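> Next one to model:
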Amino acid sequence: MSWSLSSAHTDFPAFAPAWDALNRRLFNAHPLLDSAFIAPLIELYGPDTLRLARETVDGQLRSAALIRPLAPGAWRVFALGPIQMTPALMAPEADWDALLRSLPGMALLLNVNLQDPQYSHLAPCPPVRRAFDHACTIGIALEGDFDRYWQGRSRHLRQNLGRYQRRLREDGMAVEWRQYAEPDAIVAAVDRYSVLESAGWKGRNGTALHPDNLQGEFFRRVMQRFAHRASARVWELWIDGQLAASRLAIGTPDMLVMLKTTYDEQLARYAPGMLLLRRVIEEEFTAARHRRIEFYTNATPAQHAWATDSRWIRHFEVYRNRLSASVIDGVRLSRARPRALLGGTAAVAALAAFSALLN
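Residues are numbered from 1 along each chain as shown. The predicted structure is shown next:
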């Protein structure tokens, strides 16, 4: 058994088929771990220091992950802010201790963030493996029919949706539902999505997709790659000839992952985002293309009302040994705020000073 490290930018393109085979074997081809999602992540957001870590046993690939150095003595599995999952394909028997020993510079800590317990074999083992709840995500099991699902939602949610639908009719608004799956149509729909999102509060905060920014290009590439496999979809709601709401999603037979959603704030009195979500869920129950819908978000109480289940996405800290964990704890108590954990550099320096003791 051994771990090897190489440049992700250089080696991932050729390694992608093996990555996807491992994803199929371990996690039933999770869309957010697919190379069609990971490759644009590396291309557009990966730092030059990003490494492809591979674990082989008797010449066979067992685990793989994308990791990057965070500070002297500290590493982190790569992550993109708005995505609630990190690119780590770790087998149940993956040797985390050997991975830490294989990292250059006497690695004492590896942050493994954004782990979905249904698609991660990492488990707490204090004090050298610690877990922290991060975000409560939601899902919808596409079992039975839509009417049964809808009757299981709260009376408050059902009444609200009925009120918005009546408001559209009473105002004489023309409603059109559109759906796109072809690659060229998908690209145009993603650009329309980006323009709509940029016009809202995310645009004012500088966090929106736009056809000309990095986020817009990332989701354009992801959606187009999945569309070439007939695995991407964009839904739109148009009200009186105006784009009112849009949703981007990718999927496999196992699950449909909702990537992004936005709506026209000038049409907020009709709650177009909620109306579109209801329509999408109803269509997916009827089409039976997927087993589940996953949202991968830090769900609000209003979003929980749509869900049939929920679970916590967790962050993990994997330490080289007990001494590493003790040093970090000591620095925390001294309020030094280490970069690898809370934003500073004191802990990393302290850990480096102990590195000679850990050989």
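
> Tell me how many other residues surround the closest residue to Leu256 other than its chain neighbours.
The shortest distance from Leu256 to any non-neighbouring residue, by CB to CB, 6 or more residues apart in numbering, is to His290 (4.3 Å). All C-beta spots, glycine's among them, are computed from the backbone N, C-alpha and C. When counting by other CB atoms under 10 Å, one arrives at 19 neighbours for His290.

> Contacts only, for His290.
Contacts for His290 were tallied using CB atoms under 8 Å, 6 or more residues apart in numbering; they are Leu142, Gly251, Thr252, Pro253, Asp254, Met255, Leu256, Glu284.

> Among the residues you listed, which are located in helices?
Among these, the members found in helices (DSSP state H) are Glu284.

> Type out the PyMOL command that picks the buried ones from the contacts of His290.
Here is the PyMOL command that selects only those of those that count as buried (16 or more other CB atoms under 10 Å):
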select buried, resi 142+251+252+255+256+284
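
> and the contacts of His290 as TSV, adding pLDDT and distance to Leu89?
Below are those laid out as TSV (pLDDT from 0 to 100; distance: CB to CB, whole Å):
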residue	pLDDT	distance to Leu89
Leu142	98	26
Gly251	97	19
Thr252	96	15
Pro253	94	19
Asp254	95	16
Met255	97	17
Leu256	98	21
Glu284	98	27
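
> Output the contacts of His290 in CSV, with distance to Arg314 appended to each entry.
Formatted as CSV, these follow (distance: CB to CB, whole Å):
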residue, distance to Arg314
Leu142, 25
Gly251, 24
Thr252, 23
Pro253, 26
Asp254, 21
Met255, 19
Leu256, 23
Glu284, 27
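
> Show me the contacts of His290 that map onto strands.
Residues of the contacts of His290 located in strands (DSSP state E): Gly251, Met255, Leu256.

> What is the nearest of the residues you listed to His30?
Met255 (7.6 Å; CB to CB).

> who are the neighbours in contact with the residue nearest to the closest one when sequence neighbours are not counted?
In space, and not counting its chain neighbours, Met255 is closest to Arg292: 4.7 Å by CB to CB, 6+ apart. Listed by CB under 8 Å, 6+ apart, the contact partners of Arg292 are Gly139, Ile140, Ala141, Leu142, Asp254, Met255, Leu256.

> For the second one, name its beta-bridge partners.
Following DSSP bridges, Ile140 is listed with bridge partners Ile293.

> and it, what is it in contact with?
Neighbouring residues of Ile140 by CB under 8 Å, 6+ apart: Tyr149, Ile281, Arg292, Ile293, Trp306, Ala307, Thr308, Asp309.

> Poorly predicted segments of the stretch 51-200 of the chain, please.
Of all residues in the stretch 51-200 of the chain, none has pLDDT under 70.

> how many neighbours does Met106 have?
Neighbour tally, Met106, other CB under 10 Å: 18.

> sorry, back to before: can you select the buried ones among the contacts of Ile140 for me in ChimeraX?
If you want just the buried ones from the contacts of Ile140 in ChimeraX, going by 16+ other CB under 10 Å, the selection is:
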select :149,281,292,293,306,307
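
> Can you add secondary structure and distance to Ala325 and give the contacts of Ile140 back as JSON lines?
Formatted as JSON lines, the contacts of Ile140 follow (DSSP: H, G, I helix; E, B strand; the rest coil; distance: CB to CB, whole Å):
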{"residue": "Tyr149", "secondary structure": "helix", "distance to Ala325": "45"}
{"residue": "Ile281", "secondary structure": "helix", "distance to Ala325": "44"}
{"residue": "Arg292", "secondary structure": "strand", "distance to Ala325": "36"}
{"residue": "Ile293", "secondary structure": "strand", "distance to Ala325": "38"}
{"residue": "Trp306", "secondary structure": "coil", "distance to Ala325": "40"}
{"residue": "Ala307", "secondary structure": "coil", "distance to Ala325": "35"}
{"residue": "Thr308", "secondary structure": "coil", "distance to Ala325": "38"}
{"residue": "Asp309", "secondary structure": "strand", "distance to Ala325": "33"}
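
> Distance to Glu55 for the contacts of Ile140 - can I get that in JSON lines?
Output for the contacts of Ile140, formatted as JSON lines (distance: CB to CB, whole Å):
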{"residue": "Tyr149", "distance to Glu55": "41"}
{"residue": "Ile281", "distance to Glu55": "39"}
{"residue": "Arg292", "distance to Glu55": "29"}
{"residue": "Ile293", "distance to Glu55": "32"}
{"residue": "Trp306", "distance to Glu55": "38"}
{"residue": "Ala307", "distance to Glu55": "35"}
{"residue": "Thr308", "distance to Glu55": "35"}
{"residue": "Asp309", "distance to Glu55": "32"}
